[in-house]
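Asker: Everything below, folded, please.
(one chain, ligands or ions: 1)
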Amino acid sequence: MSYDQEVMKHERGPMNRTLTIEDRERDLLGSRLQTVNTPEGLEHLKNKVIFGDLFKCVDLLPDHFVDLLIIDPPYNLDKIYNGNSFRKMQPNEYTAWVESWMVKLVRTVKPSGSIYVCCDWQSSFAIYEALSKYFIVKNRITWEREKGRGSRTNWKNCSEDIWYAVASKEATFHPDRVMTKRKVLAPYRHANGAPKDWNETEAGNYRLTHPSNLWTDITVPFWSMPENTDHPAQKPEKLIAKLILASSNPSDLVFDPFLGSGTTAVVAKKLGRMYCGIEIDHEYCLLAEKRLELASRSSAIQGYDGETFWERNSLGEQRRLSRGSAVGRDAAKHTQESLL
Ligand SMILES: C[S@@+](CC[C@H](N)C(=O)[O-])C[C@H]1O[C@@H](n2cnc3c(N)ncnc32)[C@H](O)[C@@H]1O
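Answerer: Numbers count the residues shown, from 1 in each chain. This is a model prediction of the structure:
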């Protein structure tokens, strides 16, 4: 960690909710981690964070144990993960690197399994090339990543991709579980006065819209959100929740071989799925365990009310509509706290 990062770490404002590991938590959280040095059966992998290198671990995992594979690898960028540098490669080198782990993961996926792989525009073609060798590529989701630096010489990077593939036509897909709730700006009515494709409630007018492959309702974790950590590439829980709800069923196993701060495992747990993940950095493994512990106390996911996803900047509506439902109350409280 650089001097500036070290100083910043100790100078967080009072409203900063970034999760960190305290020294007194280390032993307990560390004792929950799994290491894999010999072939492992499923019983030792369910709901486990594996501390290790996926290149050494994956061959020791069982065949076909994964219902949903979510992969968020280092993108082809210079990036430091808690002191470990990932160096930008030539495009063909990066493609070969992607291929080197993709080929190992294929065996772990069930014939009915689904696969999502996150990337940015520079890594997207490499992911497609490797993914399409082994799976049926169905789509590419693009999501608006509204956090990012502007540039004087280029368009600001404001989006990321997620490739969606399946192992066979039997894969699970539930679009009805990932509907988005949007405020109605043009409240058209039928001749009899009834709302046309939207709902009129005391809390406001909204419409449920079908999920598309363009997501503009995602907020990247930032310091005032309770899910935020210092991981430099942490994915939003809301984003991962959409993947898990659409492409798995309760009790299915969700596997993430580049687990980072644990987002996939945490969301899987909150949504009643089993999880397994691999992460090479011990500090990130501890963060994942801490978040998993917190997930056993609250299953709230910011922006999701237990039934539908809310568009951004809809806190007022979420609070008003949450009065009736326990899940909604929990979600609204979570959102409210994060915005204080
Ligand atoms: C893009 S990040 C994943 C972030 C994660 N989705 C989250 O929400 O926190 C990629 C992660 O892969 C880890 N990683 C890199 N090489 C690895 C390897 N060979 N085995 C396991 N993990 C690795 C890095 O330490 C980093 O935390």
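Asker: Any figure for the gap between residue 282 and residue 53?
Answerer: With distances taken as CB to CB, to the nearest Å, residue 282 is found 12 Å from residue 53. All C-beta atoms are positioned from the backbone trio N, CA, C, and that covers glycine.
Asker: For the ligand, what is the nearest residue in the chain?
Answerer: residue 260 (2.5 Å; CB to the nearest ligand atom).
Asker: Quick one: residues contacting that residue.
Answerer: 72, 81, 231, 233, 234, 235, 279, 284, 288 (CB atoms under 8 Å, 6 or more residues apart in numbering).
Asker: and if you look at residue 80?
Answerer: Taking CB under 8 Å, 6+ apart, one finds 86, 232 in contact with residue 80.
Asker: Any idea what it is bridged to?
Answerer: Beta-bridge pairing for residue 80 (DSSP bridges): residue 85.
Asker: what's the spacing between it and residue 183?
Answerer: The spacing between residue 80 and residue 183, counted by CB to CB, is 40 Å.
Asker: Could you do residue 15 as well?
Answerer: 27 Å.
Asker: quick one, which of those two is more surrounded?
Answerer: Neighbours per residue, other CB atoms under 10 Å: of residue 15 and residue 183, the larger number sits with residue 183, 15 against 10.
Asker: which one is the more buried one nearest to, not counting chain neighbours?
Answerer: residue 206 (5.7 Å; CB to CB, 6 or more residues apart in numbering).
Asker: Ok, residue 312 next?
Answerer: Closest to residue 312 by CB to CB, 6+ apart is residue 217, at 5.4 Å.
Asker: again, but for residue 36
Answerer: Nearest one to residue 36, counting by CB to CB, 6+ apart, is residue 57 at 4.5 Å.
Asker: Buried residues in the helix or strand where the one you found lies, which are they?
Answerer: Following DSSP states H and E, one finds residue 57 within helix 54-57. Buried residues in helix 54-57, counting neighbours by 16 or more other CB atoms under 10 Å, are found at 54, 57.
Asker: Repeat that for stretch 155-162.
Answerer: 159, 160, 161, 162.
Asker: and the closest residue in space to the first one that isn't next to it in sequence, helix, strand or coil?
Answerer: Nearest residue to residue 159 in three dimensions, chain neighbours excluded: residue 142, at 5.3 Å (CB to CB, 6+ apart). Each residue gets one of three states, and residue 142 gets strand by DSSP: H, G, I helix; E, B strand; the rest coil.
Asker: where exactly do the helices run in the stretch 151-300 of the chain?
Answerer: With DSSP state H, counting those that start in this stretch applied, the stretch 151-300 of the chain shows helices at 237-247, 263-270, 282-295, listed in chain order.
Asker: pLDDT value on residue 60, please?
Answerer: With respect to pLDDT, residue 60 scores 98.
Asker: wait, doesn't it sit right on residue 36?
Answerer: Yes. Taking contacts as CB atoms under 8 Å, residue 60 lies within contact range of residue 36: 5.1 Å.
Asker: Looking at these two, which one has more neighbours?
Answerer: Between residue 60 and residue 36, residue 36 has the larger neighbour count (other CB under 10 Å), namely 20 against 14.
Asker: Does that one belong to a helix, a strand or coil?
Answerer: Applying three-state DSSP: residue 36 is coil.
Asker: contacting residues for the nearest residue to residue 163 once chain neighbours are set aside?
Answerer: Leaving aside its chain neighbours, residue 163 sits nearest to residue 117 (4.6 Å; criterion: CB to CB, 6+ apart). The contact partners of residue 117, by CB under 8 Å, 6+ apart, come to 71, 72, 73, 127, 131, 162, 163, 165.
Asker: Export these to JSON lines and append columns for distance to the ligand and pLDDT.
Answerer: Shown next, in JSON lines, are the contacts of residue 117 (distance: CB to the nearest ligand atom, whole Å; pLDDT from 0 to 100):
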{"residue": "71", "distance to the ligand": "9", "pLDDT": "98"}
{"residue": "72", "distance to the ligand": "4", "pLDDT": "98"}
{"residue": "73", "distance to the ligand": "6", "pLDDT": "98"}
{"residue": "127", "distance to the ligand": "13", "pLDDT": "98"}
{"residue": "131", "distance to the ligand": "16", "pLDDT": "98"}
{"residue": "162", "distance to the ligand": "11", "pLDDT": "98"}
{"residue": "163", "distance to the ligand": "15", "pLDDT": "98"}
{"residue": "165", "distance to the ligand": "18", "pLDDT": "98"}
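Asker: which of these has the most neighbours?
Answerer: residue 127 (27 neighbours).
Asker: which residues sit against stretch 183-192?
Answerer: Outside stretch 183-192, the residues that reach it (CB under 8 Å, 6+ apart) are 195, 196, 197, 198, 200, 204, 205, 206, 207, 311, 314, 317.
Asker: quick revisit: specify which member of the contacts of residue 117 is nearest to residue 224.
Answerer: residue 72 (22.9 Å; CB to CB).
Asker: near the ligand, which residues of the stretch 151-300 of the chain show up?
Answerer: 231, 233-235, 258, 260-261, 263, 278-281, 284 (CB under 6 Å from any ligand atom).
Asker: So, low pLDDT: which residues of this protein?
Answerer: For the chain, applying pLDDT under 70 flags the ranges 1-10, 315-340.
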